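Participant: Following is a predicted model, sequence given first.
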Amino acid sequence: MIIALICVTTFTNCSVKETKADLRLVETELGGCNLEGVLKNAVENEDSEINDFEEDKVIVTITNESVRVFVGFNYTCKGIPFETKNETIGDVLCMYIIDTCGDGDCYHRCPCYYTFNFIFSREGTKTVNQKYKIVLIDPRKEEHVILSEGVIEN
């Protein structure tokens, strides 16, 4: 169902497919409440410090070999991990964070801080000048949430 939703929904600036190969996703590291032990502590200790909201943020780091896009945001605790996807459409690198809890039974009442570290290889490019958009797909909402958009450049 989520895949169908992705295919049917038109994303702003992510609707005409022209692949650009400057950056290639190597991996996405999930952290924060994506980790089982952190989530378990958050659910069991609803009043503890672990449930304190951290500031939502996106941090882009460019090195000679890679581009890292760190995303951290507050969200409802959930027992099923997120999925991630990325694609370059037109001149925009779209990174999707997909909430896979379709029926709602996996949500808990506590807030949690989730982190995602998208790691891209630069594949020999000397300069980076790439538009990006980070989109949260929440099955409880009709519209997707744009967490951040801008330009990755050095």
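Facilitator: Happy to help now that I have it.
Participant: So for this structure, the centremost residue is which one?
Facilitator: Ile97 (3.6 Å; C-alpha atoms, centre = their mean).
Participant: Helix or strand: which one has that one?
Facilitator: strand 92-98 (DSSP states H and E).
Participant: So in that sheet, which strands flank that strand, and in what orientation?
Facilitator: strand 83-89 (antiparallel), strand 129-137 (parallel) (DSSP bridges).
Participant: how about the helices in this protein?
Facilitator: 2-8, 36-44 (DSSP state H).
Participant: mean pLDDT for these: which is lowest?
Facilitator: If you rank the helices of the chain by mean pLDDT, helix 2-8 sits at the bottom with a mean of 39.
Participant: Ser121 - how many residues pack around it?
Facilitator: A count of nearby residues for Ser121, using other C-beta atoms under 10 Å, gives 15. Every residue, glycine included, has its C-beta placed from N, CA and C.
Participant: That one pairs with what?
Facilitator: Arg24, Ser66.
Participant: Verify the contact between it and Glu27 for me.
Facilitator: No: counting by C-beta atoms under 8 Å, Ser121 does not reach Glu27; the two are 10.0 Å apart.
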